[in-house]
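Engineer: Using only what follows, build the 3D model:
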Amino acid sequence: MKFSKIFAIGLAALTMTACSDDDNNMNSAQDVTVSLGVTTLEVDEDDNGSIYNIPVVVDGKANGNVKVTLEVTEQTAIEDVHFYVTSKTLTIGDTDKYVNFEFHPTGDDQVNEDRTFTVSIANVEGAQAGANTTCEVKLLDDDVYMLDVYPQLLGQYTFSATNQSSGAAVQQVWTMSGVEEGDAGYPHTAYITGIQGYAWSGFEAYLGYSPKAKRAWMRFEYGQTIAEEVDFGLGGMMDVKLCGYDGGVVNSGSETVNFSADLSTINFGASQFIGYIYLTGTDTPSGYLWFRWGGMTMTKAN
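Structural biologist: Numbering: from 1, shown residues only. This next block holds a predicted model:
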């Protein structure tokens, strides 16, 4: 399981805790029912830490809280292996119309059949169960698509950007290479080289595919070293780390960008890249930048 997913799970758990209501103020109004808002749901098994929701919907006018307990029935998807659940006991306040049952797929790098599990209303306090009490969830395998998509994504790209310091246009040739079939990381790991025109300067990325959206995507980590022991004339050897910018330097976490439908182009949107220069082997910034780019795109050249 990837780091970004662990973070997302922790955030979701915090959110659910903050939304809990006082269990003593239970609804006593009649004709209040609770149902699941959807009866089937298809999601990608691996999509960068997304939290998925099944709405638990109140019908009728409640005068207090409604507590709902849900149960998960494993089919081919196993809880805490193929997906994680935030909470199975949810409280809906008297002014709320619904609350979300949240789950998070873990993803893997193996080709497998789509996996399924079922979420059901097991118990309701302060109301009655309504018409829709069960939802079947299908986790769509992405790896089978990557066997075809992976080689199409590799090759040379024209990188275009704008220098955020001078406003000048930037254009470079970058190469996206992969790993051989049978080696660790196949068919997801990619290495992008050619930053600033140097074959020894580049970063590692993870390539994936969304069967639901029918799109390929690339995820990369900020803070990774893209060049080592470079002499910039700053009084010693320096390393360069790939960072982002959001009003300040972003040197941790990950970002995901999508390929175009024809797999030929990546548009980085409003994101910016900073090549932050550090003292070699340390986390001590030199105060200098190798580059700062915005308006970035990568377009397939072959």
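Engineer: which residues touch the residue nearest to residue 107 when sequence neighbours are not counted?
Structural biologist: Spatially, and ignoring its direct neighbours in sequence, residue 107 is nearest to residue 46 (2.7 Å; Cβ to Cβ, 6 or more residues apart in numbering). For glycine as for every other residue, the C-beta is placed from the backbone atoms N, C-alpha and C. Shown here is residue 46, whose contacts under the criterion Cβ atoms under 8 Å, 6 or more residues apart in numbering are 105-108, 142, 208.
Engineer: Parallel or antiparallel, list what pairs with the helix or strand where residue 290 lies.
Structural biologist: Here residue 290 is covered by strand 285-300, with elements defined by DSSP states H and E. Looking at strand 285-300 with DSSP bridges, its paired strands and their directions are strand 155-163 (antiparallel), strand 265-267 (antiparallel), strand 273-279 (antiparallel).
Engineer: average pLDDT across the second one?
Structural biologist: Here strand 265-267 scores 97 as its mean pLDDT.
Engineer: Let me know which of the strands paired with strand 285-300 is tucked in deepest.
Structural biologist: Looking across the strands paired with strand 285-300 with neighbours counted as mean count of other Cβ atoms under 10 Å, the highest average goes to strand 273-279: a mean of 20.
Engineer: Run through who's touching that one.
Structural biologist: Here strand 273-279 makes contact (Cβ under 8 Å, 6+ apart) with 161, 195-196, 226-227, 232, 234, 236, 238-245, 249, 251, 284-286, 288-293, 296.
Engineer: just the buried members of the residues you listed?
Structural biologist: Neighbour-count burial (16 or more other Cβ atoms under 10 Å) is assigned, among the contacts of strand 273-279, to 161, 195, 226-227, 238-245, 249, 251, 286, 289-293, 296.
Engineer: Could I get the contacting residues of the residue lying closest to residue 88 once chain neighbours are set aside?
Structural biologist: Computed as Cβ to Cβ, 6+ apart, the closest residue to residue 88 that is not its neighbour in sequence is residue 70, at 5.0 Å. Contacts of residue 70 were listed using Cβ under 8 Å, 6+ apart, and they are 56, 88-90, 101, 119-122.
Engineer: Among those, which one lies nearest to residue 179?
Structural biologist: Minimum separation from residue 179 among those (Cβ to Cβ) is found for residue 119, which lies at 37.2 Å.
Engineer: quick one: the closest one is in a strand?
Structural biologist: Yes - secondary structure assignment (DSSP: H, G, I helix; E, B strand; the rest coil) places residue 119 inside a strand.
Engineer: Name whatever forms a beta bridge with it.
Structural biologist: When bridges are assigned using DSSP bridges, the partners listed for residue 119 are residue 72, residue 135.
Engineer: The residue nearest to residue 107 falls within a strand, correct?
Structural biologist: No - using three-state DSSP, the assignment for residue 46 is coil, not a strand.
Engineer: how near is it to residue 61?
Structural biologist: 41 Å (Cβ to Cβ, to the nearest Å).
Engineer: Could you do residue 95 as well?
Structural biologist: Taken as Cβ to Cβ, the span from residue 95 to residue 61 is 10 Å.
Engineer: who's more crowded, the two?
Structural biologist: residue 61 (11 against 6; other Cβ atoms under 10 Å).
Engineer: phi, psi of the more buried one?
Structural biologist: Main-chain torsions, residue 61, degrees, to the nearest 10: phi -100, psi 110.
Engineer: which residues does it contact?
Structural biologist: Contacts for residue 61 were tallied using Cβ under 8 Å, 6+ apart; they are 29, 32.
Engineer: please redo it, this time with the cut-off set to 10 Å
Structural biologist: If a contact means Cβ atoms under 10 Å, 6 or more residues apart in numbering, then residue 61 has 27, 29-32, 94 as its contacts.
Engineer: Give the buried subset of those as a ChimeraX selection command.
Structural biologist: What follows is the ChimeraX syntax for the buried subset of the contacts of residue 61, where burial is set by 16+ other Cβ under 10 Å:
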select :27,32,94
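Engineer: Where does pLDDT dip in the protein?
Structural biologist: 1-24, 47-49 (pLDDT under 70).
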